[in-house]
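> Give the three-dimensional model of this entry:
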Amino acid sequence: MKRPGFIEGVLVALAAAVGGTLVHGLLSVLLTEGLAVRLIVAAAALGYILYLLSRSRESVGRVTLILVWLIVTGIGWLMAPSLTGFVLMQAALIWVTRSLYFYSSPLWALADLGLNALSLAAALWAFLQTGGPFAPLWLFFLTQTLFTVIPAGFGGKAGKPASGSPGPDHFQQAYRSAQAAVNNIEKQQENLT
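Okay, here's the model as predicted:
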């Protein structure tokens with residue numbers, strides 16, 4: 001898979017905002033407001049993490065990451081932190097996912113952490129202005145789309161081939177080995193004649 005693009009990120013942000021708003025309308029009738037918002041935040045974070053994993057070239061640790069998400073979310077739910085604490089936990093899990101699967105440099109992972117802080121600030125501002133779920137979800141995930149302009153790193157994960165597929169260095173190494181074997185066979189044939 002190739003790294004997500006900006007337009008794709010905008011569409012994901014729109015889908016998260018529209019989906020979250022529709023689900024909020026349904027859940028707010030059935031559940032308390034706090035419970036409905038927690039469910040939406042958890043579902044949106046999980047959906048975004050699954051999207052990131054589907055777009056990553058890395059294949060190692062995906063099941064472990066989902067298990068970590070389940071455990072952290074479950075602990076957060078049971079320990080009953082404030083809604084702010086729960087949102088921060090989900091944003092941290094998104095940051096950890098991108099740091100592990102899209103960056104090879106700690107510098108770019110820190111830049112992504114700053115992007116997460118900016119996303120949370122934008123979502124908070126939108127919530128204070130509107131009070132509804134659409135604008136905070138839209139601004140949070142729209143700002144998250146900016147991760148597509150953060151470089152993966154120096155010779156990092158974005159430049160690595162998918163697991164199991166040979167990259168240019170592997171090809172050159174195999175070519176040199178094959179060439180050496182052919183040269184060795186030719187020398188042996190010359191010695192026999």
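> ok, which stretches of the chain are helices?
For the chain, applying DSSP state H gives helices covering 6-30, 33-55, 62-79, 83-102, 106-130, 134-144, 168-192.
> now for the fifth one, which elements pack on it?
Using 3 or more CB pairs under 8 Å, 6 or more residues apart in numbering; DSSP states H and E as the contact definition, the elements that helix 106-130 packs against are helix 83-102, helix 134-144. Quick note: C-beta positions are derived from backbone N, CA and C, even for glycine.
> Of the ones you listed, which is nearest residue 182?
Closest approach to residue 182 among the helices and strands packed on helix 106-130 (CB to CB): helix 83-102, 40.3 Å.
> Neighbours of residue 93, how many?
Using other CB atoms under 10 Å, residue 93 has 20 neighbouring residues.
> mind listing what's buried in the lowest-mean-pLDDT helix or strand in the chain?
Sorting the helices and strands of the chain by mean pLDDT, DSSP states H and E puts helix 168-192 at the bottom, at a mean of 74. For helix 168-192, burial by neighbour count (16 or more other CB atoms under 10 Å) applies to no residue.
> And the closest residue to residue 14 other than its chain neighbours, what's its pLDDT?
Take residue 14 and drop its neighbours on the chain: the residue closest to it by CB to CB, 6 or more residues apart in numbering is residue 138, 7.1 Å away. pLDDT, residue 138: 89.
> Would you mind measuring from residue 138 to residue 114?
20 Å (CB to CB, to the nearest Å).
> neighbour-wise, which of those two wins?
residue 138 (22 against 11).
> Let me see the contact set for the more buried one.
Contact analysis of residue 138 by CB atoms under 8 Å, 6 or more residues apart in numbering lists 13, 14, 16, 17, 126.
> most neighbours, which of the residues you listed?
Ranked by neighbour count (other CB under 10 Å), the contacts of residue 138 have residue 16 at the top, with 24 neighbours.
> correct me, but that residue touches residue 43?
No: using CB atoms under 8 Å as the test, residue 16 is too far from residue 43 to be in contact (9.4 Å).
> and the nearest residue to residue 95 once chain neighbours are set aside, what does it touch?
Spatially, and ignoring its direct neighbours in sequence, residue 95 is nearest to residue 116 (4.8 Å; CB to CB, 6+ apart). By CB under 8 Å, 6+ apart, residue 116 lies in contact with 91, 92, 94, 95, 144.
> Which members of these are classed as buried?
91, 94, 95, 144.
> Pretty sure the first one sits against residue 118.
No: proximity of residue 91 to residue 118 does not meet the contact threshold set by CB under 8 Å, at 10.8 Å.
> Excluding covalently adjacent residues, which one is nearest to residue 130?
Sequence neighbours aside, residue 136 is the residue nearest to residue 130 in space, at 7.5 Å (criterion: CB to CB, 6+ apart).
> From residue 184, how far off is the one you found?
Using CB to CB, residue 136 is found at 67 Å from residue 184.
> try residue 175
15 Å.
> Check which residues of stretch 57-66 are buried.
Neighbour counts over stretch 57-66 (16+ other CB under 10 Å) mark 57, 62, 65 as buried.
> I'm done for today, thanks for sticking with me.
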